[in-house]
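K.L.:
Okay, sequence plus prediction incoming.
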Amino acid sequence: MAKKILTAAAVFILSFVLVSGGAVLAASAAEDTYNKVTSALYEKAKQEGALTIYSVWDVEHLVAILGAFSKRYPGIKTNYWQGRNPEIVTRVITEFRAGQGTVDAILSDNAPPVIRAAGAIMPYETVQKDFLVLHDPTMPVVSLQIQALVYNTKKMKPEDLPKSWEDVANPKYKGNIALDDPMRSGPLSTQLAALKGLWKDDARWARFVKGLKALNVPVHKSTSAMFRLVVSGEYGIAMPALLHDALSEKEEKGAPVEVIKTSAPIVFPRFAGIYAKAPHPNAAKLLGEWLISTQGQAALDSVGREASRKGFQSKTSIEAVYPASIKPIAVHDKVFLEDPKKWLDTNVKPLWGG
């Protein structure tokens with residue numbers, strides 16, 4: 001009997017060693033691949049000598065991130081232009097149709113898929129795809145927009161809270177919800193697209209949208225301004241809030257806000273799309289790969305942008321906030337990604353009006 005137990009234990013230990021060893025070898029091989037690819041890209045990027053970015057990101061974020069990139073890869077002069085998503089889309093497509101090679105990479109969420117639909121994105125698949133929470137085979141996903149259901153702890157009692165996004169449409173929350181405008185291309189419309197794809201039940205989804213409409217609360221066109229109303233206690237629940245806003249207010253400013261952790265986060269990709277006529281394509285690819293690396297993710301994290309890399313240690317990562325049983329909900333609807341207005345006019349407007 002003892003011999004059998006010993007044999008079973010030995011098999012278990014051997015299996016553990018083999019699995020662990022396999023994981024180490026796989027990680028080492030992935031690192032080797034990343035180093036080889038980025039070394040080759042850097043040599044070509046140095047010859048190109050420059051990198052131009054269009055982005056919706058805050059100017060101070062761009063300065064910090066591109067500064068860290070330049071420190072890691074000297075010899076590449078970086079430039080940027082900051083604008084809103086519609087402005088970026090219009091500018092890039094106009095330049096593309098005119099045959100102009102002006103920009104190299106577009107750092108944004110909504111703009112790159114729309115630009116891709118116009119044929120103005122150069123397909124590029126990162127060699128680090130296996131490390132990503134969300135992967136797109138044509139554009140590196142370098143960061144995430146993470147939506148959370150958040151409440152004011154002084155305004156709401158734990159026993160009265162909704163347990164899920166769907167619960168928010170309950171009539172008992174009428175007058176207590178800060179609601180993002182579902183008819184703009186913003187966080188709530190992103191959430192609606194994600195839930196429609198997840199549920200695959202049009203009747204259920206329609207009831208949810210109608211339930212939100214029946215709350216009869218003002219809708220807001222600025223997610224950050226809307227969230228401030230929840231922080232101040234004017235409303236009890238933010239529908240939705242951005243995770244980094246909630247954690248920043250709570251941990252850095254002591255605001256009375258908390259994440260409802262039974263409601264799965266909604267995740268939306270932030271891309272480093274490479275322009276089809278990029279004058280410095282190798283520098284753009286290098287930037288995309290570096291942003292996904294642990295060093296690049298740390299640079300993004302330092303300015304409060306959520307990581308797209310699995311297992312990255314950050315206070316704003318999904319793993320740090322939610323239990324392992326809660327899985328993120330992503331948007332996969334191609335029409336929404338590439339033409340959000342068309343998707344909203346087709347799906348939401350008939351239910352919401354306006």
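P.N.:
On my side now, so go ahead. Remember, predicted model here, so these are calculated numbers, not experimental data. Numbers count the residues shown, from 1 in each chain.
K.L.:
Would you map the strands across the stretch 251-354 of the chain?
P.N.:
Using DSSP state E, counting those that start in this stretch, the strands of the stretch 251-354 of the chain run over 257-259, 266-274, 306-307, 329-330.
K.L.:
okay, these in a markdown table with mean neighbour count and mean pLDDT next?
P.N.:
C-beta coordinates here come from the backbone N, C-alpha and C atoms, glycine included. Shown next, in a markdown table, are these (neighbours: other Cβ atoms under 10 Å; pLDDT from 0 to 100):
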| stretch | mean neighbour count | mean pLDDT |
| --- | --- | --- |
| strand 257-259 | 19 | 97 |
| strand 266-274 | 26 | 97 |
| strand 306-307 | 26 | 92 |
| strand 329-330 | 19 | 95 |
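K.L.:
doesn't D32 fall inside a strand?
P.N.:
No: using DSSP: H, G, I helix; E, B strand; the rest coil, the assignment for D32 is helix, not a strand.
K.L.:
returning to that earlier point: next, format the strands of the stretch 251-354 of the chain as JSON lines and append distance to Q191.
P.N.:
Shown next, in JSON lines, are these (distance: least, Cβ to Cβ, whole Å):
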{"stretch": "strand 257-259", "distance to Q191": "15"}
{"stretch": "strand 266-274", "distance to Q191": "5"}
{"stretch": "strand 306-307", "distance to Q191": "16"}
{"stretch": "strand 329-330", "distance to Q191": "8"}
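K.L.:
between those, which one is nearest to I106?
P.N.:
Evaluated with Cβ to Cβ, the strands of the stretch 251-354 of the chain place strand 266-274 nearest to I106, the distance being 4.5 Å.
K.L.:
Quick one: list the elements packing against the closest one.
P.N.:
Contacts defined by 3 or more Cβ pairs under 8 Å, 6 or more residues apart in numbering; DSSP states H and E place strand 266-274 against strand 105-108, helix 111-117, strand 141-152, helix 187-199, helix 281-292, strand 329-330.
K.L.:
give me the number of residues near K46?
P.N.:
As a burial measure, K46 scores 15 neighbours (other Cβ atoms under 10 Å).
K.L.:
residues touching it, list them.
P.N.:
Contacts for K46 (Cβ atoms under 8 Å, 6 or more residues apart in numbering) come out as Y73, G75, I76.
K.L.:
Let me know the secondary structure of the nearest residue to V114 once chain neighbours are set aside.
P.N.:
Nearest non-adjacent residue to V114, counting by Cβ to Cβ, 6 or more residues apart in numbering: V89, 5.1 Å away. Per three-state DSSP, the secondary structure class of V89 is helix.
K.L.:
For A206, give me its contacts.
P.N.:
Counting by Cβ under 8 Å, 6+ apart, the residues that A206 touches are L351.
K.L.:
Show me which residues of the helix or strand it falls within are buried.
P.N.:
Following DSSP states H and E, the helix or strand that holds A206 is helix 202-214. Judged by neighbour count (16 or more other Cβ atoms under 10 Å), helix 202-214 contains these buried residues: W205, F208, V209, G211, L212, K213.
K.L.:
from the residues you listed, which is closest to V150?
P.N.:
For the buried residues of helix 202-214, the nearest to V150 is L212 (16.4 Å; Cβ to Cβ).
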